[in-house]
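Asker: what shape does this take:
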Amino acid sequence: MADLTVSFVQAELHWHDAAANRAAFARQLAQLAGPTDLIVLPEMFTTGFSMDAAAQAEPMSGPTVAWLREQAAQHNAVVTGSVIIEENGAYFNRLLWVRPDGSLSSYDKRHLFTLAGEQHVYTPGRARLVEEWRGWRICPLVCYDLRFPVWSRNPPVRPYDLLLYVANWPAVRRTAWTTLLRARAIENVACALGVNRIGHDALGHAYAGDSALLDARGNYLVEADDRAGTFTHTLRREELEEFRAKFTALDDGDAFELIG
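Answerer: Take a look at the predicted model:
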């Protein structure tokens with residue numbers, strides 16, 4: 001039963017400057033104190049949360065995917081975060097899951113933030129992603145997905161162990177962020193990680209951070225508050241398994257199938 005070391009970066013973002021953001025995150029990751037298994041960056045980590053997809057999007061063959069492959073190989077870890085991707089004339093808020101060998105999976109944000117008009121610019125995803133990595137099953141989602149518990153629901157058969165959200169979640173709604181992240185951990189009997197940004201964007205929106213890692217009981221393991229930096233914690237597989245063996249709530253969940 002392998003443990004999993006998780007690192008995440010909470011940072012300000014350079015507005016619409018992918019090269020500057022890649023360089024800043026590379027500097028942060030170079031300061032990692034030791035080996036890690038998983039590195040998590042925020043939503044739209046190369047641009048900030050932008051509706052200017054036509055000008056900011058990259059193809060899957062672009063420099064950010066190449067950079068993610070370099071970082072994954074360098075740190076011998078999966079590196080994940082979301083970026084604006086153009087594919088076949090459509091734009092996606094796409095989470096990229098990049099492994100050290102250069103292979104990757106992706107998840108397109110399912111729930112687009114209608115209050116910002118995201119649905120008029122981006123194409124929604126249709127399927128969840130659950131990845132097996134170093135003995136852990138991990139379900140990565142994006143920002144607004146946090147508000148929709150059905151999409152996050154952990155199945156009783158082959159449940160995931162870690163639920164994670166990458167986000168640009170504004171400070172004005174920070175109570176919802178902290179409350180829902182804790183709820184998702186508790187109701188799914190899984191560790192949960194939310195990685196947000198800090199600072200202000202060019203549209204005047206403030207971001208409080210509040211990135212956090214929680215155990216399956218909903219207890220905080222790491223709280224970044226409003227601090228910039230790279231945070232690392234090792235999740236103990238034995239602790240998760242022991243808790244699930246004693247508290248079998250997943251077995252009592254309602255059976256359903258996602259069809260939309």
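Asker: where does residue 172 land in three-state SS?
Answerer: At residue 172 the chain is in helix, as set by DSSP: H, G, I helix; E, B strand; the rest coil.
Asker: isn't it up against residue 206?
Answerer: Yes: using Cβ atoms under 8 Å, residue 172 makes contact with residue 206 at a distance of 7.4 Å. All C-beta atoms are positioned from the backbone trio N, CA, C, and that covers glycine.
Asker: contacting residues for residue 159?
Answerer: For residue 159, the contact set (Cβ atoms under 8 Å, 6 or more residues apart in numbering) comprises 137, 188, 189, 190, 250.
Asker: and what of residue 138?
Answerer: 38, 130, 131, 132, 160, 161, 162, 163, 164.
Asker: among the contacts of residue 159, which ones are in helices?
Answerer: Under the assignment DSSP state H, the contacts of residue 159 contribute residue 188 to helices.
Asker: for residue 4, state which of the contacts of residue 159 is nearest.
Answerer: Nearest to residue 4 out of these is residue 137 (Cβ to Cβ; 10.5 Å).
Asker: can you say which of the contacts of residue 138 are buried?
Answerer: Among those, those buried by neighbour count (16 or more other Cβ atoms under 10 Å) are 38, 130, 131, 160, 161, 162, 163, 164.
Asker: got a pLDDT number for the closest residue in space to the third one that isn't next to it in sequence?
Answerer: Taking Cβ to Cβ, 6 or more residues apart in numbering, and ignoring the residues beside it in sequence, residue 131 has residue 138 as its nearest neighbour in space, at 5.0 Å. For residue 138, the model assigns a pLDDT of 98.
Asker: report the beta-bridge partners for residue 138.
Answerer: Beta-bridge pairing for residue 138 (DSSP bridges): residue 131, residue 162.
Asker: for the contacts of residue 159, which single residue is the most surrounded?
Answerer: The residue in the contacts of residue 159 with the most neighbours, by other Cβ atoms under 10 Å, is residue 190 (25 neighbours).
Asker: quick one: the helices in this structure?
Answerer: In the chain, the segments counted as helices under DSSP H are 18-30, 53-56, 63-75, 149-152, 174-188, 237-246.
Asker: which of the ones you listed sits closest to residue 86?
Answerer: Nearest to residue 86 among the helices of the chain is helix 53-56; the distance by Cβ to Cβ comes to 7.3 Å.
Asker: let me know the average pLDDT across the closest one.
Answerer: Per-residue pLDDT over helix 53-56 has a mean of 98.
Asker: the residue nearest to residue 131 and residue 105, how far apart?
Answerer: Distance, residue 138 to residue 105, using Cβ to Cβ, to the nearest Å: 11 Å.
Asker: who touches both of the two?
Answerer: Shared contacts of residue 138 and residue 105 (Cβ under 8 Å, 6+ apart): residue 131.
Asker: if we can go back for a sec, for residue 121, find the nearest of the helices of the chain.
Answerer: Closest approach to residue 121 among the helices of the chain is made by helix 53-56 (5.0 Å; Cβ to Cβ).
Asker: in that closest one, what's buried?
Answerer: By neighbour count on 16+ other Cβ under 10 Å, the buried set for helix 53-56 is 53, 56.
Asker: same deal with stretch 217-235?
Answerer: 221, 224, 230, 231, 232, 233, 235.
Asker: residue 4: which of these is nearest?
Answerer: Ranked by distance to residue 4 (Cβ to Cβ), the buried residues of stretch 217-235 are led by residue 235 at 4.7 Å.
Asker: which residues touch the residue lying closest to that closest one once chain neighbours are set aside?
Answerer: Excluding the flanking residues, the one nearest residue 235 by Cβ to Cβ, 6+ apart is residue 4, at 4.7 Å. Residue 4 is in contact with 37, 38, 133, 134, 135, 136, 161, 162, 234, 235, 237, counting by Cβ under 8 Å, 6+ apart.
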